[in-house]
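Asks: Pasting the sequence and the predicted model now:
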Amino acid sequence: MIKSELQILLQQIDEIEGDACIQLIRRALIIMQETRDIDWAFLQLKLGVSLKKSFTGNNAQNIDNAIKAFYLALQIYTREKHAYHWAITHGNLGNAYLDKLTGDTAQNIEKAIQLHEQASEIFTKEIYPEEWANTQYNLGNAYYKRAKDKNLSMENAIQAYRNALQVFTIEHFPFKRGYILNNLGLAYLDRLEGNSDENQDLAIYVFEEASQIDDYKNNTQEWVKVQVNLADTYAKRINGVPAENSECAVNAYKHALEVYALPGYSKELADTQQKLGTVYQFQPHGERSKNLEDALEIYNSALQFFTKETYPEEWADISINLNGVYIHRLRGDWKQNLEIALEISKSILEIFNKENNIKIWGDAQLGLGTTYAKRLLGDRPENLKHALEAYNLASQAYEQDKNIEQWAGVQINIGNIYLEPLIKSRFQNVEVQNIENGINAYTLALQVFTQANYPEQWAIIQINLGAAYRWRLQGNRPENIEKSINAYKSALQVYTKIHHTRLHLDTSYYLADLLYKEKQWPEAREVYENAHQALVLLRGDTYHQESRKYLSYENAELYANLIHCCLLLNDHAAAATYALSSKSRTLTELMAESSSSLDILLAQDPLLRAAWAPIQELKKRLDFLLNSFNLFDSFTSNTRQWQKRQADHIDTEIASLQRDINQLSDTMIFRFPALAGIRPLPQLSINQIQELLVELNSIPLVEYIQHGGGWCAFIFTPAEVYYVQLAGNLSELLFDSLFAIIADTFWVRDGQLIDQSTALKSMYSLLIAPLKAHTSIVGPLVLAPTGPLHLVPFQALADEQGHYLSEDCALSFIPSAATMYILHKQIRELNIKRNGVIKQRLLSVAYSDSNGNYLPHVLSEAKAISKHFTELVELLEEEALPERVIQKASQPFEVIHIGCHGSFNYDSLLDSGLLLAQQRLLTINDIRLHIRLQGRPLVTLSACQTGHTRPERADETNGLSWAFLAAGASAVVSSQWSVADEATRELFEAFYFSRRQADISDAEALRQAIQHLRQNPVYQEHPFFWAAFQVMGIPLPA
């Protein structure tokens, strides 16, 4: 009867698994307690395994009881007689010790390792490959958890996992392999040996392999862990392109969220949402505003589970991140975003203090300080006071928590607060003690951020110290200046030209500006030249024209001072060379069509287009960062907004983007050699300009320049470059006249013509007379004005005898010598393609505005001009709609003539334009975005103020004539002021008549037309009628 009960129990034990089996085993063991044979030992082994897996009762007690059962089994299983079961039991016993919750953990792990090592003596790879591999896997887990000899233990763990993978192949053990790969990846991440970046890449490799195993994918509970681990690793990856790493992290987190969206994973879902939000928040590619909105949305989703009441610490961590999102948010009202950020920090501090969670309290104080530092509402000094209070509390928290990196970072913030009045307005309202406090804070930060361990943070502090010592009010001034110079030089040791181009440019500028103000001309020149080289590199990495334009704006003073240094050192050739680099770079690059050449390659090659997409995204992000700085502040502040960019981590991101772009570009050029032909516009040399002038029949070129010490002109001839010093106070001398020209009251006031002969003679004496010592002011002459000189009515300037400049000179105007060079190169190539044959094709656009300010002569002007062409396309009156002009202008023409009203809006430049049918404007923005002229036609604009420009730093693109040049015109004839309708008609009729003569340039044709108009007694006495129009372009025969 007893035997029968045991048999039944054993049968049930074989059929039943889980907790139900435990009681059956225990009953069987009671029956067999007298025999204690091999079967009894097997039941003890099975009892131990079942207890270790049990989900009921006390887990710690279950594991302890399992260990007792395994030891009882080993009383029977000896190594000599039952080697296999002895080893199996050792393996299970080792795993039990590894999971043991009672006793000393370190001792338990050591015991586990010992037991697995003993098992491996039996389970050799040759005799028991699967059992050997399992033992290796178990050893790997034990070594991974071992704290003793951490470096050696992790290497042992990695080797054990690798050993196991030799047997657990994807063909025969796919699930087991995926499980081990996941553990191996975690071991690589915790590895102390080798380089962290290489270990990360190894982890990614094994995580990727595990995630692709089909059988492993089917076990979603395990597969999702790999996705999270993979995402975590990509989010922290050192190597590779940050944009790609970020994208991979996002994709892996999204895969995990698909699983965690199922019932039963609420906490895991919220955890992963928080991690994904962090990636979005700091994502280095894509549209920054959208990334922040995505972060905002997913953080709020995570907060649906992590509420303040149930998970206060997780809620606080996410809220701290939300504070950062709202501080930097680009959508919505900026002021209100900062107020929301403020309330978030305050809400965290209502719950947490330095007693209950010093880390969260410190982070919240840091967020509060940053929000107050950026706050736009309220009293600024009061906000700075609150910011300083919060930063000091955060500093105390991090110091108490022994978080030295965060503590040092807060010291930088404190220093920036003390120096903000200095940053904003130099000496105005700057307290002496504030500068001292700022220096002390930066000095404290240097205790942690050493050059050896934290080079970039160290360099940031050096830049800040450079500014602080420069404007320091205490101490010996020469010593302070020397400290400032040394600090800037120290920063340049870290911020190299190649790897930190933007930071190198800024720091070089700060140092050069200081040396310049201290009249150390040779030293200043050397550093300015260094900044120039960095700027050239930076422009090459900048994709968008507005970003390039901003760089020109921001660095106008750099070139002005560099040219002045060269002049002071009597190096006129170098000054002239840098003058070539300082003007109209954006317009010249647009005309060079470097971007459209890339567009053509991308359109022709789908593989290139797909491969280029990551670079394009990186460049768009770089453009956004470069274009996000406030222009006005950069004009008035020596800091060039350094502290703002530093606080927003903008410059660090710019440096990272540039490295990534360079790395990817090098790879792309290797894969696609055609890209090697697309390069940024090179720096032009004096020799290149002189060779061009030879081709243009030795026409002299005059470049007007405003430098750090005043005004000058460079006269370029085929053989020489002449430096001409102009009046240092030229701007003041011309101010009244130029202001009247801007207001359109120079020539006519209250309906009456004004005699401006005195002003015109004065302008001649200031701008033309000084040139005569080096060049003849007779014949063709090319002028490249700068800044306000674009407004000067050069055609009307007269010498002391009242002889007008336009009587003897055929004047051509260009934005810069570089523009002239590119324009000539393209026209020459175009003529070669045409074999010298130019079509006589005209697009004539005319709108008289018969229902408004009627122009009675516009249509007759158009008809008179048309007879000079063999082919004619007309858009007259109501047909002259902006969209039709855009459409027709994209076809090939020799000449495009537009007669209508024109307007120039100084406040909104891009809204300036030509008034066409239905009272609609063809604006500068329309021309820039939609018109692509074919064959480099001449464009004549018979309208008011079409040649007007808004004086801007670096002579960057503005005005209708500039827009048409950028759109593809060879030259543009335009007016500088509101012109008389009938006189304009006569002028253009004469211009086109003269233009058809052999070997005559557009400039000479205009000169002859002006002289023809002056023969009319009605017009001859006043330049208002005949001097308004000028040719923007190069003097080539029509």
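Replies: Nice, I can see it. Small disclaimer: the values here were computed from a predicted structure and weren't measured.
Asks: contacts and neighbour counts: CA atoms only from here.
Replies: Will do.
Asks: you'd agree residue 393 is up against residue 363?
Replies: No: using C-alpha atoms under 8 Å as the test, residue 393 is too far from residue 363 to be in contact (9.9 Å).
Asks: The two: which is more packed in?
Replies: residue 363 (25 against 21; other C-alpha atoms under 10 Å).
Asks: Got the confidence number for that one?
Replies: With respect to pLDDT, residue 363 scores 97.
Asks: in the stretch 651-800 of the chain, which spans are strands?
Replies: For the stretch 651-800 of the chain, the strands defined by DSSP state E, counting those that start in this stretch occupy 701-707, 710-716, 721-725, 748-749, 752-753, 779-784.
Asks: who does the last one pair up with?
Replies: Spelled out, it's strand 779-784. Partners of strand 779-784 in the sheet, by DSSP bridges, are strand 701-707 (parallel), strand 809-813 (parallel).
Asks: Let me have these in TSV, adding mean neighbour count and mean pLDDT as columns.
Replies: Listed next are the strands paired with strand 779-784 as TSV, based on neighbours: other C-alpha atoms under 10 Å; pLDDT from 0 to 100:
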stretch	mean neighbour count	mean pLDDT
strand 701-707	25	93
strand 809-813	24	93
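Asks: now the helices for the stretch 701-850 of the chain?
Replies: Taking DSSP state H, counting those that start in this stretch to define them, one finds helices in the stretch 701-850 of the chain at 730-742, 757-767, 805-808, 817-834.
Asks: which other residues reach the second one?
Replies: It refers to helix 757-767. The contact list for helix 757-767, computed with C-alpha atoms under 8 Å, 6 or more residues apart in numbering, reads 726-727, 730, 734, 737, 796-800, 802.
Asks: Go through these and give me the one with the most neighbours.
Replies: Going by other C-alpha under 10 Å, residue 797 tops these with 26 neighbours.
Asks: Next up, the contacts around that one.
Replies: Counting by C-alpha under 8 Å, 6+ apart, residue 797 makes contact with 760-761, 763-764, 804-806.
Asks: What does it show for phi and psi?
Replies: Backbone torsions of residue 797, given as degrees, to the nearest 10, read phi -70, psi 140.
Asks: Next one: it, what pLDDT does it get?
Replies: 96.
Asks: got it, and residue 975?
Replies: So, for residue 975, pLDDT stands at 85.
Asks: likewise residue 640?
Replies: 49.
Asks: Kindly check the end-to-end length of stretch 443-462 for me.
Replies: 10 Å (C-alpha to C-alpha, to the nearest Å).
Asks: likewise stretch 747-755?
Replies: 8 Å.
Asks: got the contact list for it?
Replies: 741, 746, 756, 1022, 1024.
Asks: quick revisit: which of the strands of the stretch 651-800 of the chain is buried the deepest?
Replies: Burial of those is given as mean neighbour count (mean count of other C-alpha atoms under 10 Å); strand 701-707 ranks first at a mean of 25.
Asks: between that strand and helix 757-767, how big is the angle?
Replies: Inter-element angle recorded for strand 701-707 and helix 757-767: 90 degrees (by axes from the mean of the first three to the mean of the last three C-alpha atoms, to 10 degrees).
Asks: circling back: I'd like the strands of the stretch 651-800 of the chain as TSV, with distance to residue 124 appended.
Replies: Shown next, in TSV, are these (distance: least, C-alpha to C-alpha, whole Å):
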stretch	distance to residue 124
strand 701-707	83
strand 710-716	87
strand 721-725	87
strand 748-749	105
strand 752-753	109
strand 779-784	86
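Asks: Mind checking the ones you listed for the one nearest to residue 609?
Replies: Set against residue 609 and scored by C-alpha to C-alpha, those come closest in strand 779-784, at 39.2 Å.
Asks: quick one: contacts of the closest one?
Replies: Contacts to strand 779-784, defined as C-alpha under 8 Å, 6+ apart, come from residues 699-704, 808-817, 1003-1004, 1034-1035.
Asks: would you list every one of the helices in the stretch 401-550 of the chain?
Replies: So, for the stretch 401-550 of the chain - with DSSP H, counting those that start in this stretch - the helices run 404-425, 432-446, 455-470, 477-494, 501-517, 521-540, 545-554.
Asks: Counting neighbours, what do you get for residue 611?
Replies: Residues lying near residue 611 (other C-alpha under 10 Å) number 16.
Asks: Pop out the phi and psi values for it.
Replies: Backbone torsions of residue 611, given as degrees, to the nearest 10, read phi -70, psi -30.
Asks: For it, give me the pLDDT.
Replies: In this model, residue 611 carries a pLDDT of 76.
Asks: Now do stretch 799-812: distance to the chain's middle.
Replies: Averaging C-alpha positions (C-alpha atoms, centre = their mean, to the nearest Å) puts stretch 799-812 49 Å from its chain's average.
Asks: would you put the C-alpha positions of that stretch in PDB?
Replies: Only the C-alpha atoms of stretch 799-812 are listed here, as PDB (Å, rounded to 0.1, in the frame of the first residue of the first chain):
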ATOM      1  CA  ASP A 799      34.200 118.600 -59.400                       C
ATOM      2  CA  GLU A 800      34.800 122.200 -58.400                       C
ATOM      3  CA  GLN A 801      34.200 123.400 -62.000                       C
ATOM      4  CA  GLY A 802      30.800 121.700 -62.000                       C
ATOM      5  CA  HIS A 803      32.000 119.000 -64.400                       C
ATOM      6  CA  TYR A 804      29.900 115.800 -63.800                       C
ATOM      7  CA  LEU A 805      31.600 112.500 -63.200                       C
ATOM      8  CA  SER A 806      29.200 110.800 -65.700                       C
ATOM      9  CA  GLU A 807      30.300 113.100 -68.500                       C
ATOM     10  CA  ASP A 808      33.700 111.400 -68.700                       C
ATOM     11  CA  CYS A 809      33.200 108.000 -66.900                       C
ATOM     12  CA  ALA A 810      31.100 105.100 -67.800                       C
ATOM     13  CA  LEU A 811      30.300 103.900 -64.300                       C
ATOM     14  CA  SER A 812      29.600 100.300 -63.400                       C
END
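Asks: Grab the nearest non-local neighbour of residue 874.
Replies: Using C-alpha to C-alpha, 6 or more residues apart in numbering and skipping residues adjacent in sequence, the residue nearest residue 874 is residue 844, 4.8 Å away.
Asks: If you could redo that for residue 320, that was the one I meant.
Replies: Residue 320's closest residue in space is residue 364 (C-alpha to C-alpha, 6+ apart), at 6.3 Å.
Asks: If anything else comes up later, I'll come back, but that's it for now.
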